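Trainee: Sequence plus the predicted model coming up.
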Amino acid sequence: MAAPASLRDRWLGWRNRLVASPRFQRWAAGFPLTRGIAWKNTRALFDLCAGFVYAQVLTACVRLDLFRILTEGPLPLEVLARRLDLPLENARCLLRAAASLDLVRALPGDRFGLADLGAALTGNPGIAAMVEHHALLYADLADPVALLRGAAGPTRLAGYWPYASGAIGDAASVAPYGGLMGASQALIADDVLDACDLSRSRHLMDVGGGEGAFLQAVAARHGALGLTLFDLPAVADRAAERLAQIGLAERIACRGGSFHDGLPTGADTITLIRILHDHDDAPAQALLAAAHAALPPGGTLILAEPMAGTPGAEPVGDAYFGFYLLAMGSGRPRRAEELHGMLRQAGFAASKERPTRRPLLTRLIVAQKDAG
Ligand SMILES: CC(C)=CCC/C(C)=C/CC/C(C)=C/C=C/C(C)=C/C=C/C=C(C)/C=C/C=C(C)/C=C/C=C(C)/C=C/CC(C)(C)O
Ligand SMILES: C[S@@+](CC[C@H](N)C(=O)[O-])C[C@H]1O[C@@H](n2cnc3c(N)ncnc32)[C@H](O)[C@@H]1O
């Protein structure tokens, strides 16, 4: 038998019935003391319904290279229509939509220039790469209930990230995600490095280091630090080739292997940047234990990734990364408290979160192995 409802539950039930009532909604939209809240909620609900359309406006802008075209300065609609290869009225439709989303700015004389969000995008090619690859995610989310029930069959994202299904991948299959991760590191690396102190580290190993974009940023800041990249063999090979091309072959050693088989020793600092959330609880816990085993006494583990429950960015962790990783078929976004618990279970004596500039993109936890 169900337990009797508490006073609070009864109040919440009454409140929900009130908010659901169209008569109350109309009244609240007109009454001076509730008008602001009603407007905010109407807009929030409309934005939730329309989110896919907004995202596709952005996709069209990125695909047509609109923001780069406008970096030269504002242009008349007619010129833009020609450069975008669109009929004039459809170009107007796109530009007005983009202006409403603060991507571009409508200017007098039927001209358009960049607005804040479009300008920010031109400086971060990683975002455009993310937008492009969302075609896979949105295809996988076409039937979200089937995905939630595990009845969607093989997903496009599982194919994009072969390691999510346990494959180690070859040169061709790791190249797309290697490029995407490399491009989007620009949004992450400096925020991570600003937030952690590497002055006492002698050798840093970046586990799941991709094609070396993060270690490239470390090398630029810490001239004396020994550096090793560890990733799956096909990825480590690509990293070695790329790093050689930019003159960092001597500076950064690349090692291929799977962290499910343990980690090489020799580093006093290990970084896991956007790694742990890719893995289900058991392999994620085993990876932390492997990092603990590979570190010397007093060694440091740095864990950086977007986390669930980030104040002010709750949908980024729980909605975006929650559904992204569900579609990918492996891992889940975790709350900072969960990660502290997992680190403790892996044997780390202490762990502390360090604030990052943009916690929405990445947060950071530093864990210490006991010195004794
Ligand atoms: C003084 C003046 C001129 C102005 C003052 C006003 C002012 C402060 C204006 C703001 C201008 C400004 C500096 C804007 C900067 C904006 C930036 C940097 C925006 C950055 C946005 C980043 C975005 C949208 C990132 C999106 C990231 C996505 C979608 C990441 C997806 C990640 C995935 C899928 C990762 C997959 C990895 C896996 C598999 C989960 O492990
Ligand atoms: C989401 S990417 C992050 C890459 C990089 N740390 C970054 O932030 O740009 C995850 C990385 O983990 C690597 N990886 C996945 N499974 C692995 C395994 N079993 N052993 C070693 N590396 C692995 C992938 O090849 C990929 O480079």
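Mentor: Okay, I see it. Owing to the predicted nature of the structure, the values given are computational and were not obtained by experimental measurement. Ligands and ions are numbered 1, 2, ... in the order given.
Trainee: The residue in the chain that ligand 1 sits nearest to: what secondary structure?
Mentor: The chain approaches ligand 1 most closely through Ala120 (3.5 Å), counting by CB to the nearest ligand atom. For every residue, glycine as well, the C-beta is placed using N, CA and C. In three-state terms, and counting by DSSP: H, G, I helix; E, B strand; the rest coil, Ala120 is helix.
Trainee: and it, how many neighbours does it have?
Mentor: 14 (other CB atoms under 10 Å).
Trainee: any idea how far the residue lying closest to Ser330 once chain neighbours are set aside is from Asp280?
Mentor: Among residues not flanking Ser330 along the chain, Ala164 sits closest, at 3.9 Å (CB to CB, 6 or more residues apart in numbering). Distance, Ala164 to Asp280, using CB to CB, to the nearest Å: 10 Å.
Trainee: okay, and the common contacts of those two?
Mentor: By CB atoms under 8 Å, 6 or more residues apart in numbering, Ala164 and Asp280 have these common neighbours: Ser330, Gly331.
Trainee: Compare the two and say which is more crowded by neighbours.
Mentor: Ala164 (21 against 13).
Trainee: so the more buried one touches Gly331, yeah?
Mentor: Yes: between Ala164 and Gly331 there is a contact under CB atoms under 8 Å: 7.5 Å.
Trainee: Of all the residues in the stretch 1-150 of the chain, which one is nearest ligand 2?
Mentor: Gly126 (9.6 Å).
Trainee: measure that residue to Arg26 for me?
Mentor: For Gly126, the distance to Arg26 - CB to CB - is 45 Å.
Trainee: One more: Arg242?
Mentor: On the measure of CB to CB, Arg242 and Arg26 end up 60 Å apart.
Trainee: higher neighbour count, the two?
Mentor: Under the neighbour definition other CB under 10 Å, Arg242 and Arg26 were set side by side, and Arg242 has more, 19 against 11.
Trainee: Please name the residues that touch the nearest residue to that one once chain neighbours are set aside.
Mentor: Nearest in space to Arg242, with sequence neighbours left out and distances taken as CB to CB, 6+ apart, is Glu211 at 5.1 Å. The contact partners of Glu211, taken as CB under 8 Å, 6+ apart, are Gly178, Gly179, Met181, Gly182, Val235, Arg238, Ala239, Arg242.
Trainee: Relative to Ser199, which of these is nearest.
Mentor: Closest to Ser199 out of the contacts of Glu211 is Ala239 (25.7 Å), distances taken as CB to CB.
Trainee: quick one, phi psi at the closest one?
Mentor: phi -60, psi -50 (degrees, to the nearest 10).
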